[in-house]
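Trainee: dropping the sequence and predicted coords here.
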Amino acid sequence: MSERLLVLVRHGQSEWNLKNLFTGWKDPDLTEQGIAEAKEAGRKLKAQELVFDVAFTSVLTRAQHTLDLILTELGQTGLPTSKDLALNERDYGDLSGLNKDDARKKWGEDQVHVWRRSYDVPPPGGESLKDTLARALPYYVQEILPGVLNGKRTLVAAHGNSLRALIMVLEKLSPEGILKRELATGVPIIYRLNADSTVASKLDLAG
Ligand SMILES: O=C(O)[C@@H](CO)OP(=O)(O)O
């Protein structure tokens with residue numbers, strides 16, 4: 001029986017995470033800390049004795065770089081990898097490039113929290129989590145999940161909000177439930193799925 005393995009990992013700290021800027025579809029690379037976090041994620045996966053058959057990532061540098069560093073630690077460079085915009089971070093629209101504290105001063109703490117974490121309120125000119133889910137979920141269902149169910153051990157390196165969208169579906173979280181869910185940079189979450197694509201087990205490699 002194959003194990004239906006699906007590992008999700010948010011990229012390591014990016015230059016704009018460090019500067020506290022809304023990033024979205026902008027394309028900063030990892031910081032030194034982000035590189036270290038990605039390598040550590042690879043070491044943690046190696047310690048779990050995980051081997052992968054395929055990988056998926058976004059078209060953004062910080063996720064691709066994270067994946068490369070993880071695969072190097074695992075000794076699995078050259079793994080078949082699909083890169084798709086469907087896994088990109090949520091588009092932050094007009095907020096992209098703004099400092100998050102400056103935005104709180106301008107629009108207030110509550111409004112900024114709603115833009116950052118609510119399910120269906122988009123930031124001006126950008127995507128809500130619901131919009132992000134609407135493009136990430138079909139990709140998951142059509143491109144990622146069939147392989148997982150067929151025993152392809154799968155690693156997905158993506159972004160805070162594109163992964164929150166997938167986690168909402170995997171863990172059957174309500175819009176209220178996803179509001180509180182934060183993903184740390186570079187922390188792999190290991191899912192094993194049942195044949196009906198529900199979650200059989202989950203292991204968060206934080207700490
Ligand atoms: O700026 C972004 O693109 C994201 C992820 O870093 O930020 P937030 O945590 O506000 O969704």
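Mentor: That came through fine.

Trainee: the closest residue to residue 92 other than its chain neighbours: how many residues sit nearby?
Mentor: Nearest residue to residue 92 in three dimensions, chain neighbours excluded: residue 24, at 3.2 Å (Cβ to Cβ, 6 or more residues apart in numbering). Using the backbone N, CA and C atoms, a C-beta is placed for each residue, glycine as well. The tally of other residues near residue 24 (other Cβ atoms under 10 Å) stands at 22.

Trainee: just say helix, strand or coil for residue 24.
Mentor: coil (DSSP: H, G, I helix; E, B strand; the rest coil).

Trainee: OK, contacts around it?
Mentor: 89-93, 95-96, 126 (Cβ atoms under 8 Å, 6 or more residues apart in numbering).

Trainee: would TSV of the residues you listed with pLDDT be doable?
Mentor: TSV is the format used below for these (pLDDT from 0 to 100):
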residue	pLDDT
89	98
90	97
91	98
92	98
93	98
95	98
96	98
126	98
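
Trainee: filter these by proximity to the ligand?
Mentor: By Cβ under 6 Å from any ligand atom, the members of the contacts of residue 24 lying near the ligand are 89, 92.

Trainee: and which of the contacts of residue 24 is nearest to the ligand?
Mentor: residue 89 (4.7 Å; Cβ to the nearest ligand atom).

Trainee: quick one: the residue nearest to residue 92 from residue 42, how far?
Mentor: Distance of residue 24 to residue 42, given as Cβ to Cβ, to the nearest Å: 26 Å.

Trainee: same check, this time on residue 96
Mentor: 29 Å.

Trainee: neighbour count: these two, which is higher?
Mentor: residue 42 (24 against 18).

Trainee: ok, the more buried one - contacts?
Mentor: Taking Cβ under 8 Å, 6+ apart, one finds 69-74 in contact with residue 42.

Trainee: neighbour count for those residues - can I get that in CSV?
Mentor: Converted to CSV, the contacts of residue 42 look like this (neighbours: other Cβ atoms under 10 Å):
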residue, neighbour count
69, 24
70, 29
71, 21
72, 13
73, 18
74, 18
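
Trainee: so which of these sit within helices?
Mentor: If you go by DSSP state H, the contacts of residue 42 have 69-74 in helices.

Trainee: any idea how far residue 202 is from whatever residue of the chain ends up closest to the ligand?
Mentor: Closest residue of the chain to the ligand, Cβ to the nearest ligand atom: residue 23 (3.5 Å). Using Cβ to Cβ, residue 23 is found at 27 Å from residue 202.

Trainee: now do the longest helix seen in the chain: distance to the chain's middle.
Mentor: The longest helix of the chain (DSSP H) is helix 32-47. Distance of helix 32-47 from the chain centroid (Cα atoms, centre = their mean, to the nearest Å) equals 15 Å.

Trainee: also stretch 47-54?
Mentor: 18 Å.

Trainee: what are the buried residues along that stretch?
Mentor: Residues of stretch 47-54 classed as buried: 50, 52-54 (neighbour count, 16 or more other Cβ atoms under 10 Å).

Trainee: now these as JSON lines including pLDDT, secondary structure and distance to the ligand?
Mentor: Output for the buried residues of stretch 47-54, formatted as JSON lines (pLDDT from 0 to 100; DSSP: H, G, I helix; E, B strand; the rest coil; distance: Cβ to the nearest ligand atom, whole Å):
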{"residue": "50", "pLDDT": "97", "secondary structure": "coil", "distance to the ligand": "25"}
{"residue": "52", "pLDDT": "98", "secondary structure": "coil", "distance to the ligand": "25"}
{"residue": "53", "pLDDT": "98", "secondary structure": "coil", "distance to the ligand": "28"}
{"residue": "54", "pLDDT": "98", "secondary structure": "strand", "distance to the ligand": "25"}
